[in-house]
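Peer 1: quick one: sequence plus predicted model below, questions after.
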Amino acid sequence: MEHFSHWQSSKLCCAKILLVEGEKDLAGSIVSHLAGAGLNACTVASGIEMEHMVKHREFDLIILDAVLPGEDGFRACKRVRASFAVPILMLTPNDAVDRILGLELGADDCLAKPFNFHELLARVKSQLRRTIYNIERLEPTNIMTFAGWKIDASKRQISSPEGLGVTITAAEFDIMLALCKNAGRVMTRKQLLSFSHVGTAGPVQRSIDVHVSRLRQKIEQDPKQPTIIKTVRLGGYILTAEVKS
């Protein structure tokens, strides 16, 4: 256990974080607090610069402010999410609608401003733990199939029946994996939150619902009438397809 903790710390220190923040003072404060926790981040001030960076470099996490000069962070998030699966932690105005919008546009977690830096660090580390050394990597390669789809737990990838990779967020993958491991069982929203470590950006119910809705858009033939991930009234969700290892 001690060896694992040391390995965990060393991996976090090597994490590549991109901070997208238009306020110089706030950007400086965030970088300072990250550095105090042994984490490093490079910074840009706009969505255009962010897109340029992710096209030419690999990152383990993006911290994206929703309020940016020029194009707002919401649009930038949607555009980057369309092509890249890097986890995104959005900093949003202190409004539930904005937090939900961030999730709907592809953010893995949202944190309302003004925020406590200790909470920011906790959420950053939570995302990095899942990205860098998720527990599945400590187990033998685990590939499961359902309704023609393939989910590779070790590589954290999902492929369509045609063999095409699907762009998916870290939170969406965690929920899909939890459903596959519990196929045929009703999973409550709180259980999915626990299994998947989805960011608690607002009410648990709404947060999970947004991620499941995005999953359905990607794997269901008709997202409005899902046949793979079904809603159970007053219960939660259930993966109805047979899962084979």
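Peer 2: Everything's here; your move. Residues are numbered from 1 along each chain as shown.

Peer 1: rest of the way, CA atoms for contacts and neighbours
Peer 2: Fine.

Peer 1: okay, now stretch 111-122: how far is its last residue from its first?
Peer 2: The first and final residues of stretch 111-122 sit 11 Å from each other (CA to CA, to the nearest Å).

Peer 1: list the contacts of that stretch.
Peer 2: Residues from elsewhere that reach stretch 111-122 (CA atoms under 8 Å, 6 or more residues apart in numbering): 30, 33-34, 37, 89-95, 99, 201.

Peer 1: that stretch: which residues count as buried?
Peer 2: 111-112, 120-121 (16 or more other CA atoms under 10 Å).

Peer 1: may I ask which two of the contacts of stretch 111-122 are separated the most?
Peer 2: Spatial extent of the contacts of stretch 111-122 (CA to CA) is set by the pair 37 and 95 at 28.2 Å.

Peer 1: the two - which one has more neighbours?
Peer 2: More crowded of residue 37 and residue 95, by other CA atoms under 10 Å: residue 37, with 14 against 11.

Peer 1: and that one, how far is that from residue 109?
Peer 2: Taking CA to CA as the measure, residue 37 falls 20 Å from residue 109.

Peer 1: hang on, the earlier thing: which pair in the buried residues of stretch 111-122 spans the largest distance?
Peer 2: Farthest pair in the buried residues of stretch 111-122 (CA to CA) is 112 and 121. Separation: 13.6 Å.

Peer 1: would residue 206 count as being in a helix?
Peer 2: Yes. Assessed with DSSP: H, G, I helix; E, B strand; the rest coil, residue 206 lies in a helix.

Peer 1: which residues does it contact?
Peer 2: Residue 206 is in contact with residue 100, counting by CA under 8 Å, 6+ apart.

Peer 1: got a pLDDT number for it?
Peer 2: pLDDT recorded at residue 206 is 71.

Peer 1: and if you look at the one 10 residues further on?
Peer 2: In this model, residue 216 is scored at 94, pLDDT.

Peer 1: residue 8 now?
Peer 2: Listed pLDDT for residue 8 reads 51.

Peer 1: ok so, going back, for the contacts of stretch 111-122, which entry has the maximal number of neighbours?
Peer 2: Highest neighbour count within the contacts of stretch 111-122, by other CA under 10 Å: residue 90, with 29 neighbours.

Peer 1: packing partners for the helix or strand where that residue lies?
Peer 2: Residue 90 is part of strand 88-93, with elements assigned from DSSP states H and E. If you count contacts as 3 or more CA pairs under 8 Å, 6 or more residues apart in numbering; DSSP states H and E, strand 88-93 packs onto strand 61-65, helix 96-104, strand 109-113.

Peer 1: and the angle for it with strand 61-65?
Peer 2: 20 degrees (axes from the mean of the first three to the mean of the last three CA atoms, to 10 degrees).

Peer 1: quick one: strand 88-93 to chain centroid distance?
Peer 2: Put simply, strand 88-93 sits 12 Å off its chain's centre (CA atoms, centre = their mean, to the nearest Å).

Peer 1: just the strands from the chain, written as ranges.
Peer 2: Per DSSP state E, the chain carries strands over the ranges 17-20, 41-44, 61-65, 88-93, 109-113, 143-146, 149-152, 157-159, 229-232, 236-239, 243-244.

Peer 1: CSV for these, including mean pLDDT?
Peer 2: Below are these laid out as CSV (pLDDT from 0 to 100):
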stretch, mean pLDDT
strand 17-20, 95
strand 41-44, 94
strand 61-65, 95
strand 88-93, 93
strand 109-113, 90
strand 143-146, 91
strand 149-152, 92
strand 157-159, 90
strand 229-232, 93
strand 236-239, 92
strand 243-244, 90
